[in-house]
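A.B. asks: here's my sequence, what's the structure:
(one chain, ligands or ions: 1)
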Amino acid sequence: MGMDRLLPTPEAYDLLDLARELADRELAPRVDDFESRGEFPREVIRTLGRAGLLGLPYPEEDGGAGQPYEVYLQVVEILASRWLAVAEAVSVHTLSCHPVYAHGGEQLRKLLPDMLGGELLGAYCLSEPQGGSDAASLTTRAVLDGEAYVVTGTKAWITHAGNADFYNVFCRTGEPGARGISCLLADAGTPGIVPQAPEKTMGLRSSPVAQIAFDGARVPADRLVGEPGAGFRIAMDALDSGRLGIATCAVGLAQAALDYAVAYARDRSQFGRSVLDFQGIRFLLADAATGISAARALVLAAARLKDAGRPYAAEAAKAKLFATDMAMRVTTDAVQVLGGYGYVTDHPVERYMREAKVLQIVEGTNQIQRLVIAKSL
Ligand SMILES: Cc1cc2nc3c(=O)[nH]c(=O)nc-3n(C[C@H](O)[C@H](O)[C@H](O)COP(=O)(O)OP(=O)(O)OC[C@H]3O[C@@H](n4cnc5c(N)ncnc54)[C@H](O)[C@@H]3O)c2cc1C
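C.D. replies: Numbering: from 1, shown residues only. Next up, the predicted model:
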């Protein structure tokens, strides 16, 4: 990526160099194979964990790397430019560590080093078949029975289903509405937690996503994260930071599409000239580059507010909305720049376009981001 970045510390420059090196060595050579087979690259994720890239924004005393969120996000951007599913896995895992980190008691926090070191992969179970955008209407129930909560219901669209080691399960322990929801941290091996067959997705095929059936699963009562009834707040708190992860994924993906389109257009010749010489193509690429820079600036502005401990929910929603819409446009335009060659799997831009679509949907659709933004006005 031929761009200059302003980073807060010399260490951050080293970290981004490490991310680039790992992205080139571990991600780029494998992406096509894993995407075509729809296989989750668990070992690649473990490698990133051992290199310290899975707990970047968490404090060192908890097993993290103590990096500002703005640095963590730029690492994810680099990973996304090589393999979106891996970058999304890092983002979802980081989100899945947030409830225990921010709201877990002393006992639960003892799990953090293994979670942040990447030995234990996380998943975040909020959505249900009947309740996506309206997450507060969820119906998965947890009833206290002696020393355990008995959990019954179905979660939907769970990234890492069947591959994760722990699940954040948002479930109803009380009244209808947001105040009756609690958060449990369940081990994946708990009897009665049954991941279903993976969904057949348009893109991001190496990222497993499936329903999970909870069939009277007994989750120990000491796995309650935060207070009973605090679950919805815990879920939304994690999502604010997670949305910036999705936004930075969009920036990395769009950057990859632009870089590919520029290189292709330079080499492709029509009417006796490089296609890159046509103003129609040059302006399209200039607009793409501008959109990427604007999206990156929004992401980093929101991250810096978060790093400073200031409210940033609306800014994160703006970044997610703008960056993912931008990535959809830029990846579609990249296909256009390649003409017919953009439409076949010999080149990665058709994959980029399929992958961009999901970013407009996950962690709150872009309609829901607009609700969050409008509420702040
Ligand atoms: C690949 C993938 C991975 C995912 N991973 C996870 C995960 O790990 N964990 C998890 O919990 N969930 C996950 N999700 C679920 C995702 O968060 C939901 O799909 C999303 O929140 C939308 O919910 P829905 O699909 O039920 O759509 P619906 O809520 O049914 O929405 C349908 C349409 O109505 C619009 N809409 C809804 N309400 C409003 C409103 N008030 N105003 C305007 N428009 C509105 C929506 O924007 C959308 O266009 C994943 C989804 C996908 C596709």
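A.B. asks: just the pLDDT at the closest residue to the ligand within the stretch 1-150 of the chain, thanks.
C.D. replies: The minimum distance from the stretch 1-150 of the chain to the ligand, using CB to the nearest ligand atom, falls at Gly132 (1.8 Å). In this view, the C-beta of every residue, glycine as well, is placed from N, C-alpha and C. Gly132 is assigned 95 on the pLDDT scale.
A.B. asks: need phi/psi at the closest residue in space to Cys125 that isn't next to it in sequence.
C.D. replies: Closest residue to Cys125 apart from its sequence neighbours, by CB to CB, 6 or more residues apart in numbering: Lys155 at 4.2 Å. Reported as degrees, to the nearest 10, the phi and psi values for Lys155 are phi -100, psi 150.
A.B. asks: one step back: burial of the residue of the stretch 1-150 of the chain closest to the ligand, as a residue count?
C.D. replies: Using other CB atoms under 10 Å, Gly132 has 17 other residues around it.
A.B. asks: for the stretch 151-300 of the chain, which residues are neighbours of the ligand?
C.D. replies: Trp157, Ile158, Thr159, Thr201, Leu204, Val209 (CB under 6 Å from any ligand atom).
A.B. asks: so which of those residues wins on neighbours?
C.D. replies: Comparing these by number of neighbours (other CB under 10 Å), Thr159 comes first, having 26 neighbours.
A.B. asks: what sits against it?
C.D. replies: Neighbour list for Thr159: Glu88, Ala89, Val92, Ala123, Tyr124, Ser207, Pro208, Val209, Val362 [criterion: CB atoms under 8 Å, 6 or more residues apart in numbering].
A.B. asks: buried residues in stretch 164-183, which are they?
C.D. replies: 164, 166-173, 178, 180-183 (16 or more other CB atoms under 10 Å).
A.B. asks: distance between the ends of it?
C.D. replies: Criterion CA to CA, to the nearest Å; first-to-last residue distance in stretch 164-183 is 17 Å.
A.B. asks: in the helix or strand harbouring Ala297, which residues are buried?
C.D. replies: Ala297 is part of helix 279-307, with elements assigned from DSSP states H and E. Going by neighbour count (16+ other CB under 10 Å), the buried part of helix 279-307 is 281, 284-285, 288-289, 291-292, 295-296, 298-300, 302-307.
A.B. asks: can you give me the strands in the stretch 201-350 of the chain?
C.D. replies: 209-220, 224-225, 269-270, 273-274 (DSSP state E, counting those that start in this stretch).
A.B. asks: again with the stretch 51-200 of the chain
C.D. replies: 122-125, 141-145, 148-159, 166-172, 181-187, 193-195.
A.B. asks: dump those strands to JSON lines, plus distance to Arg5 and mean pLDDT.
C.D. replies: As requested, those are exported to JSON lines (distance: least, CB to CB, whole Å; pLDDT from 0 to 100):
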{"stretch": "strand 122-125", "distance to Arg5": "28", "mean pLDDT": "98"}
{"stretch": "strand 141-145", "distance to Arg5": "45", "mean pLDDT": "98"}
{"stretch": "strand 148-159", "distance to Arg5": "28", "mean pLDDT": "98"}
{"stretch": "strand 166-172", "distance to Arg5": "32", "mean pLDDT": "98"}
{"stretch": "strand 181-187", "distance to Arg5": "35", "mean pLDDT": "98"}
{"stretch": "strand 193-195", "distance to Arg5": "39", "mean pLDDT": "98"}
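A.B. asks: for Ser133, which non-adjacent residue is closest in space?
C.D. replies: In space, Ser133 is closest to Ile368, 5.3 Å off (CB to CB, 6+ apart).
A.B. asks: before we move on, the earlier item: ok, the residues of the stretch 151-300 of the chain next to the ligand vs Gly252, which is closest?
C.D. replies: Closest approach to Gly252 among these (CB to CB): Leu204, at 13.5 Å.
A.B. asks: now that closest one. Its backbone dihedrals?
C.D. replies: According to degrees, to the nearest 10, Leu204 has phi 50, psi 40.
A.B. asks: check contacts around the residue of the stretch 1-150 of the chain closest to the ligand.
C.D. replies: Gly132 touches Ala156, Trp157, Thr365, counting by CB under 8 Å, 6+ apart.
A.B. asks: state the distance from the second one to Arg172.
C.D. replies: When you say that, I think you mean Trp157. Going from Trp157 to Arg172 by CB to CB, to the nearest Å gives 18 Å.
A.B. asks: how about the first one?
C.D. replies: Distance, Ala156 to Arg172, by CB to CB: 15 Å.
A.B. asks: what does the last one give?
C.D. replies: In this view, Thr365 and Arg172 are 23 Å apart by CB to CB.
A.B. asks: quick one: contacts for the residue in the stretch 201-350 of the chain that the ligand sits nearest to?
C.D. replies: The ligand sits closest to Val209 of the stretch 201-350 of the chain, with a gap of 4.5 Å, by CB to the nearest ligand atom. By CB under 8 Å, 6+ apart, the contact set of Val209 is Trp157, Ile158, Thr159, Ala161, Pro198, Glu199, Thr201.
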